[in-house]
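Peer 1: structure for this input, please:
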Amino acid sequence: MTAEPAPASMPADPGVRVITVSASYGAGGSIVAPALADRLGLPFLQRVTTSEGHVAEPGPCDEQLSAEEVKATPVHRMLAHFTQAMPAGPTQSPPSTHHQDDHLRGHGEAGIHRLLADGGGAVILGRAAAVVLGKDRGFHVRLDGPAERRIVQGAAVEDISEEKARERLRAADKARTAYVRRLYRTDPADASLYHLVIDSTAMPLDAVIELILTAARAHEASVLERSETQ
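Peer 2: A predicted model of the protein is given here:
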């Protein structure tokens, strides 16, 4: 199910510079995104997530905040607070929470812009990166699939029971959807945000990685061709 990482010495791909990956729980985002970064020789930026108001335990499908992020800001507590209290649909934030939303949005975007400054590249997991960058910058991918198959895949990847994976699916999907809807008034499952949407439970994750690489390179070549003819 997992892919062998490319050697650390692999040179950066001269074409593909930015790939963003949005993934629901069990869709394999935390396996696929770092593998893409390894294959392309690009930095990897993981998502911001929480577990019961504190830093999540590390795991393939439940990414943790970095040590630097934990030291820098109480974002993990802010995110836990509004994802636990927020309904699934888009809502208007109370005035008292606007400053928290601005803080959290700025925190999530800072890592993106820092990596991409001065033409830098990266593979970015989560952080509403497709929304932040827009269709004209980067190649944006959405990984999803039927809930029952995501539960099975999440359980296998994390080596947990399907019952536990079901609980994590409910919590993670709610939190990740709330993050994008609350901060950007957008549904992360909206296919129009992405260049490629894949049911990553319908094929091995190795095949998903190869599919994304092929599509991203073709997209980059098409963009370069259009720019040269203008």
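
Peer 1: which helices and strands sit right next to the host helix or strand of Ile19?
Peer 2: Here Ile19, judged by DSSP states H and E, is contained in strand 18-23. Applying 3 or more Cβ pairs under 8 Å, 6 or more residues apart in numbering; DSSP states H and E, we find strand 18-23 packed against helix 29-40, strand 122-125, helix 129-133, strand 139-144. Quick note: C-beta positions are derived from backbone N, CA and C, even for glycine.

Peer 1: please save the CA atoms from it in PDB.
Peer 2: Extracted in PDB, the C-alpha atoms of strand 18-23 (Å, rounded to 0.1, in the frame of the first residue of the first chain):
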ATOM      1  CA  VAL A  18       4.100  23.000  -6.700                       C
ATOM      2  CA  ILE A  19       1.600  20.300  -6.000                       C
ATOM      3  CA  THR A  20      -1.100  20.600  -3.400                       C
ATOM      4  CA  VAL A  21      -3.000  17.600  -2.000                       C
ATOM      5  CA  SER A  22      -6.400  17.800  -0.300                       C
ATOM      6  CA  ALA A  23      -7.500  14.500   1.200                       C
END
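
Peer 1: what lies in contact with it?
Peer 2: 29-30, 32-33, 36, 40, 42, 116, 121-126, 128-130, 133, 137-144, 188, 193-194, 200, 212, 216 (Cβ atoms under 8 Å, 6 or more residues apart in numbering).

Peer 1: now do it and helix 29-40, the angle between them.
Peer 2: Between the axes of strand 18-23 and helix 29-40, defined by axes from the mean of the first three to the mean of the last three Cα atoms, to 10 degrees, the angle is 160 degrees.

Peer 1: could you check the angle strand 18-23 makes with the helix or strand containing Arg114?
Peer 2: Assigned by DSSP H and E, Arg114 belongs to helix 98-116. Here helix 98-116 points in a direction 140 degrees away from that of strand 18-23 (the same axes, to 10 degrees).

Peer 1: what packs against helix 98-116?
Peer 2: Using 3+ Cβ pairs under 8 Å, 6+ apart: helix 98-116 touches strand 44-45, helix 75-85, strand 122-125, helix 129-133, helix 162-184.

Peer 1: output these in CSV; the columns should cover mean neighbour count, distance to Val21 and mean pLDDT.
Peer 2: Converted to CSV, the helices and strands packed on helix 98-116 look like this (neighbours: other Cβ atoms under 10 Å; distance: least, Cβ to Cβ, whole Å; pLDDT from 0 to 100):
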stretch, mean neighbour count, distance to Val21, mean pLDDT
strand 44-45, 20, 10, 92
helix 75-85, 17, 19, 46
strand 122-125, 27, 5, 94
helix 129-133, 22, 8, 95
helix 162-184, 19, 12, 91
